[in-house]
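Student: Here is my input; please provide its structure:
(one chain, ligands or ions: 2)
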Amino acid sequence: MNLEKLEQSIYDLVTETSTNLPKDVRRAIKKAKDAENAGTRAAMSLDTISTNIHMADDNISPICQDTGLPTFKLKTPVGVNQIEIKEVIKKAIARATADAKLRPNSVDSLTGANSGDNLGDGLPVMKFEQWENDFIEIKLILKGGGCENKNIQYSLPTELEGLGRAGRDLDGIRKCVLHSVFQAQGQGCAAGFIGVGIGGDRSSGYDLAKEQLFRHVDDTNPNPDLAKLEDYIIEKSNTLGIGTMGFGGEATLLGCKVGVMNRIPASFYVSVAYNCWAYRRMAIDVDATTGEISNWHYQDGEKISFKDEPQTEASKAPEKKVVELTAPISEEQIRSLNVGDVVKITGRMYTGRDAIHHHLMSHDAPVNLNGQIVYHCGPVMAKDENDNWTVKAAGPTTSIREEPYQGDIMKKFGIRAVMGKGGMGPKTLAALSEHGGVYLNAIGGAAQYYADCIKSVDGVDLMEFGIPEAMWHLSVEGFTAVVTMDSHGNSLHADVQKSSLDKLALNAERVF
Ligand SMILES: O=C(O)C[C@H](O)C(=O)O
Ligand code: SF4
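Tutor: Ligands and ions are numbered 1, 2, ... in the order given. A predicted model of the protein is given here:
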């Protein structure tokens, strides 16, 4: 086989997957956008998301900065050398990372060291099967960490919040799957897609769930019971009112695919793989002799470009006031903000995520953070021809991971605003009241949209934590976010959690 050509084919697959959302996913997002009521936060978020999808395609840059844990599934003709293909995949991944099509995402679990090229023990994930065809099929999914963290596995029978007992039957499965959507709230960048695996053991159950994510959004399950379950889950999930980014709204779930396999008598697992709206999976067929791509999958139907999409009324006339914000921010200014206000930030912000929050608990900050804005973000960065850093993708990361630290760090350093996505919990909410702070929610996955608001990179600290985890000093213009937790004890996230639990509980009666 021509291995150079094969490397190029895999490089193209990686780039396409990271930058160009598949047609079926685009159509699902468009449908959600059309169904949303104009003037709501959800409609505004879907505007941003669709603009972002178009920008990523146009810039050939990552749709979301978290390009996930690259997972390849290959089927090769008998006799093809799989060891050679593995090496080629690694080369293509390293090159795509150097070209900023992927974020360097491979981290040593014990030392925290980032390998810088997306390689390392166990990465990328490559699963091979043989088949009787004479060509190679290569499927790739780039599933980000925020949605991966919202995967859940149920062991039946079990007791579920809001829904009661889930037994070992189709109705018990129904309850688990519905609950999985509820427990994700907006943290996996709703509106999402789920793959469900019924049966197997803890690992094969999750594999089956993830395999479902390669199905077409608009296919129909050949098993009539599962087809009914899939339709039911989409319909009921969209009555929970969680909505895009957990802001409330009509669209909570855009796709549900269920697979089943046998189990052993003592175990009954329902495994759910949650995928964000930035549902990046693609596949190619490759000629086993030339190494060239002979076919791209997921090409059926219309491609919604989202170019020149009419913006809904929301972005023209947001339902709440728009406040201009520039750091350093005073306590008085912060206390004047309320949940629902839209802020437009201009000036300095600092990125800080997992490693930095952990670090700041026991160290001084490398810069004066008094009155500043900390952005939970791990960007994709590249150096330009003059050796200056430029931002290639920079959406928010899930904030709840910083819950154990956030309040203490805000108080210790005088930080007035933290921005991320998915909201934070009671400990942070209490600290916001006590100290005078706000939580700002940016649109998860909108990495191109936000990168465009970043006008310069003025410095970087703690680079030893690697590119995604370093503290970047950013200068921004018109960076928009919504106040979802304020200094008066209000949290949109707590409200949505509570109201969606009430709605979930309406589905406790047997259906199947
Ligand atoms: O790691 C990131 O940048 C984001 C992550 O995918 C998340 O959703 O929290
Ligand atoms: S930030 Fe959101 S869109 Fe991006 S990978 Fe994480 S969950 Fe997905």
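Student: Retrieve the pLDDT associated with the residue of the stretch 1-150 of the chain found nearest ligand 2.
Tutor: With C-beta to the nearest ligand atom, the shortest gap between the stretch 1-150 of the chain and ligand 2 falls at residue 144, namely 1.9 Å. In short, each C-beta sits where N, CA and C put it, glycine included. Here the pLDDT value assigned to residue 144 is 97.
Student: What's the local residue count around the nearest residue to it once chain neighbours are set aside?
Tutor: Among residues not flanking residue 144 along the chain, residue 66 sits closest, at 3.7 Å (C-beta to C-beta, 6 or more residues apart in numbering). Residue 66: 31 surrounding residues under other C-beta atoms under 10 Å.
Student: shouldn't residue 66 be in contact with residue 105?
Tutor: Yes. The pair residue 66 / residue 105 is scored as a contact, 7.3 Å apart, by C-beta atoms under 8 Å.
Student: So which bits of the stretch 251-400 of the chain are right by ligand 1?
Tutor: Within the stretch 251-400 of the chain, the residues that sit near ligand 1 (C-beta under 6 Å from any ligand atom) are 378, 397, 398.
Student: The first one is in contact with residue 353, isn't it?
Tutor: Right, residue 378. Yes. Using C-beta under 8 Å, residue 378 is in contact with residue 353, at 5.4 Å.
Student: Ligand 2 contacts on the protein?
Tutor: Residues of the chain lying close to ligand 2 by C-beta under 6 Å from any ligand atom are 64, 66, 144-147, 188-189, 276, 278, 395, 444-445.
Student: residues in contact with the residue in the stretch 251-400 of the chain that ligand 2 sits nearest to?
Tutor: Closest to ligand 2 within the stretch 251-400 of the chain is residue 276: 3.1 Å, counting by C-beta to the nearest ligand atom. Contacts for residue 276 (C-beta atoms under 8 Å, 6 or more residues apart in numbering) come out as 64, 144, 146, 147, 188, 189, 190, 192, 444, 445.
Student: Show me the strands in the stretch 251-400 of the chain, by range?
Tutor: Secondary structure of the stretch 251-400 of the chain by DSSP state E, counting those that start in this stretch: the strands cover 253-260, 269-275, 280-287, 293-296, 322-325, 342-351, 373-375, 380-383, 389-393.
Student: if we compare those strands, which one ends up closest to residue 71?
Tutor: For those, the distance to residue 71 is smallest for strand 280-287, at 9.0 Å, taking C-beta to C-beta.
Student: Give me the helices and strands touching the closest one, please.
Tutor: helix 3-19, strand 135-143, strand 293-296 (3 or more C-beta pairs under 8 Å, 6 or more residues apart in numbering; DSSP states H and E).
Student: Tabulate these (JSON lines), appending mean neighbour count.
Tutor: JSON lines is the format used below for the helices and strands packed on strand 280-287 (neighbours: other C-beta atoms under 10 Å):
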{"stretch": "helix 3-19", "mean neighbour count": "21"}
{"stretch": "strand 135-143", "mean neighbour count": "22"}
{"stretch": "strand 293-296", "mean neighbour count": "14"}
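Student: To residue 73, which of these lies closest?
Tutor: For those, proximity to residue 73 was assessed by C-beta to C-beta; strand 135-143 is nearest, at 4.4 Å.
Student: Does the following helix or strand past that closest one reach ligand 1?
Tutor: Sequence order places helix 145-148 as the next helix or strand after strand 135-143, per DSSP states H and E. Yes. Helix 145-148 lies within reach of ligand 1 by C-beta under 6 Å from any ligand atom, at 145, 146.
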